[in-house]
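Participant: okay, sequence plus prediction incoming.
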Amino acid sequence: MTTWIDPTPRVRWGDPRWRYAVGLLMILLGAALTNMVSTYSLWFVLVGPCAQLLGWLILPGALWRRLVVILPCLLAALVLIAGPDFAGAFAVLLAGWLFARHRPGRSYLALIPVIVLSFVLKGALNEYSQHWIGLLSGSLASVACAWLGWALALWRQREMAAGPAAATVHDPVKAE
């Protein structure tokens, strides 16, 4: 049994694995920096989205897919500043990730736990001082659901690799 890994996309410049690691780090760092804003550190509103934008541009994959998700994901990271009432923005960030990574339609089922969590956080957290709980739990859920989306894509890939041969199982009773 061999394990399935994402096919390495052909890129015009740089190593795809390096671009994946740096792009992912810049996206996460940009979203985190954006949410560190306060009255005394407004420069995070400039640095965070710039880092996130650079991360989406470095990430390997089809350029048009990365360009489509840039604006919604930048806005979602900015909306998270408003507090736990806007935890649904994590679903936008996850959907952008799944789209930019060329995940099949089945992988978008991984959005359901993040959406459910956003309703739970909206009901449970009612003060801005609890905002860090919403950011931490939303981030952890988004990362877990990104892995779930990868697993769903893997499941689909294995079904396609098995093909119609897997559907015809040898039954010794019918062979007689």
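Facilitator: Noted; the coordinates are in hand. Since the structure is predicted, the reported quantities are computational estimates derived from the model, not experimental observations.
Participant: ok, now how distant is residue 122 from residue 17?
Facilitator: Residue 122 sits 38 Å away from residue 17, taking C-beta to C-beta, to the nearest Å as the criterion. The way it works is simple: take the backbone N, C-alpha and C, and place the C-beta from them, glycine included.
Participant: can you dump the C-alpha coordinates of stretch 44-52 into CSV?
Facilitator: What follows is the C-alpha trace of stretch 44-52 in CSV, where atoms were taken according to Å, rounded to 0.1, in the frame of the first residue of the first chain:
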residue,chain,number,x,y,z
PHE,A,44,-0.3,45.6,12.1
VAL,A,45,-3.3,46.5,9.8
LEU,A,46,-0.7,47.3,7.1
VAL,A,47,1.9,44.6,7.8
GLY,A,48,-0.6,41.7,8.2
PRO,A,49,-2.4,41.9,4.9
CYS,A,50,0.8,42.6,3.0
ALA,A,51,2.3,39.4,4.5
GLN,A,52,-0.8,37.4,3.7
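Participant: and the contacts of it?
Facilitator: Contacts with stretch 44-52, where a contact means C-beta atoms under 8 Å, 6 or more residues apart in numbering, come from 26-27, 29-38, 73-74, 77-78.
Participant: show me which of those residues is closest to residue 84.
Facilitator: residue 35 (11.9 Å; C-beta to C-beta).
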